[in-house]
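Engineer: here's my sequence, what's the structure:
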Amino acid sequence: MVTFGPVKVRQRSPALCAIAAMSTLAIAACSSSGSGAGLPPSAAQSSPLVRMSIDSASKAELFVSDTGLNEVSTFAWPQPKNPTGTLTGFSEPQGGCSDAKGDVYVANTGGLTVLGFEVGNANPIATLSDPGQYPVGCSYDWKYGNLAVTNFITSDDGPGSVSIYADEKGSPKTIGSSLLTRFYAVSYDASGNLYASGENSSYQDAIIELPAGSRAFKAVCTNLAKKGLAVAGWDGKYILFGGDGRIYRVKGCKILGSTPVHASGEVAVSEGRIAAVDSGTAELSIYTYPKGTLLETLSGFSEPVGVAVGGMKVK
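Structural biologist: This is a model prediction of the structure:
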């Protein structure tokens, strides 16, 4: 990739200006105002699951959401070639994430919902309502079993937030922050701390953290925000941030290493590979991880913005 950052998107109605706010993607044609206020995430029981294995998978598939076509394509993983299936019935699908069971959740932005799928099943196995919000990304908490969903803005153009579903079900607890007006991407670390990136009320990049057990976000990683970096995913050990044509492995706001990729949105890591989507070129690229050697590039998309690997094992 050349740069991470704002991209041009086709014009949409004001009600749908949240669309394509995926990971480090920013919206050039939309605006929102106000400050967030929310509720603390519910406390879930500690899970014995620690983190996904990035070394072993059974019947794994790569899920790629295409907001331009309103569908999600699946590919065999870790060697994607031609699509193995197409999931339909979406309204502007964006970011995705996988859970401890190997199921994949996709933010169905225009439908104000998050849809869950299992590998090999074209029908949703779960529909999580996100009332009054435009969901754009998600992350699974491998320590406590919750699902966090970033809401770019509200459906009436209010400030964004994070919706947290205890045990991946029911009605969410929604928590906002005056530190971010637009929420783009989110990721848990192995300790249950939640990182979110987006824009503040001055339209500046910002990164915030909701420590495990906390009731409020706090500003963190200003050094990364100043570099234009934003949350891009998790590799099973480190939070990943994207920017400058690279994916950075970060621990405690300290950059430990990086991988060159061509991307503008989410990435997914497993099996010693990293999958990255680029909405600008409408491509999906696969690299070795963490070295970053390009293995293959797939085209034929319209606006790919989200990517997740389903069917992963846990250790």
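Engineer: bridged to the spatially most central residue of the chain, which residues?
Structural biologist: Computing the C-alpha centroid of the chain and ranking residues by C-alpha atoms, centre = their mean puts residue 137 first, at 3.9 Å. Residue 137 forms beta bridges with residue 150, as assigned by DSSP bridges.
Engineer: contacting residues for it?
Structural biologist: For residue 137, the contacting residues are 22-23, 94-95, 97, 107, 149-150, 184-186, 266, 306, by C-beta atoms under 8 Å, 6 or more residues apart in numbering. Every C-beta, even on glycine, is put in place using the N, C-alpha and C of the backbone.
Engineer: out of those residues, flag the one nearest to residue 234.
Structural biologist: Taking C-beta to C-beta as the measure, residue 234 sits nearest to residue 97 out of the contacts of residue 137, at 8.7 Å.
Engineer: what's the distance between the closest one and residue 226?
Structural biologist: In this structure, residue 97 and residue 226 are separated by 27 Å, where distance is defined by C-beta to C-beta, to the nearest Å.
Engineer: more neighbours, those two?
Structural biologist: Comparing residue 97 with residue 226 by neighbour count (other C-beta atoms under 10 Å), the higher total belongs to residue 97, at 30 against 11.
Engineer: check the offset of stretch 135-154 from the chain's centre.
Structural biologist: Stretch 135-154 has its C-alpha centroid displaced from the chain centroid by 8 Å (C-alpha atoms, centre = their mean, to the nearest Å).
Engineer: can you check stretch 165-172 too?
Structural biologist: Stretch 165-172 has its C-alpha centroid displaced from the chain centroid by 17 Å (C-alpha atoms, centre = their mean).
Engineer: if we can go back for a sec, give me the pLDDT value at the residue nearest to the centre of the chain.
Structural biologist: Residue 137 is assigned a pLDDT of 97 by the prediction.
Engineer: over to the one 10 residues further on?
Structural biologist: At residue 147 the predicted local confidence, pLDDT, stands at 98.
Engineer: count the neighbours of it for me.
Structural biologist: Residues within reach of residue 147, counting by other C-beta under 10 Å, total 25.
Engineer: quick one: residues contacting it.
Structural biologist: Under the criterion of C-beta under 8 Å, 6+ apart, the contact list for residue 147 reads 97, 99, 105, 114, 128, 138, 139, 140, 141, 164, 165, 168.
Engineer: skip the chain neighbours and tell me the closest residue to residue 141.
Structural biologist: By the measure of C-beta to C-beta, 6 or more residues apart in numbering, the closest residue to residue 141 outside its immediate chain neighbours is residue 188, 4.6 Å from it.
Engineer: that older thread, from the contacts of residue 137, pick the one nearest residue 205.
Structural biologist: Here the nearest of these to residue 205, counting by C-beta to C-beta, is residue 184; it sits at 9.4 Å.
Engineer: quick revisit: just the buried ones from the contacts of residue 137?
Structural biologist: Buried members of those, scored by 16 or more other C-beta atoms under 10 Å, are 22-23, 94-95, 97, 107, 149-150, 184-186, 266, 306.
Engineer: in strands, which of those residues fall?
Structural biologist: 94, 95, 97, 107, 149, 150, 184, 185, 186, 306 (DSSP state E).
Engineer: between the residues you listed, which is nearest residue 209?
Structural biologist: Closest approach between these and residue 209, by C-beta to C-beta: residue 186, at 10.5 Å.
Engineer: I'd like to know how many residues surround the nearest residue to residue 155 once chain neighbours are set aside.
Structural biologist: Here the nearest residue to residue 155 in space, its sequence neighbours aside, is residue 132; by C-beta to C-beta, 6+ apart that works out to 5.2 Å. Residue 132 sits with 14 neighbouring residues when counted by other C-beta under 10 Å.
Engineer: isn't residue 132 up against residue 153?
Structural biologist: No. At 10.2 Å, residue 132 does not count as touching residue 153 under the criterion of C-beta atoms under 8 Å.
Engineer: chain center to stretch 289-300, what's the gap?
Structural biologist: Between the centre of stretch 289-300 and the centre of its host chain there is 19 Å, according to C-alpha atoms, centre = their mean.
Engineer: could I get the full set of strands for the stretch 151-300 of the chain?
Structural biologist: In the stretch 151-300 of the chain, the segments counted as strands under DSSP state E, counting those that start in this stretch are 161-165, 173-175, 182-188, 194-199, 205-210, 218-219, 230-234, 239-243, 246-251, 254-260, 267-270, 273-278, 283-288, 294-298.
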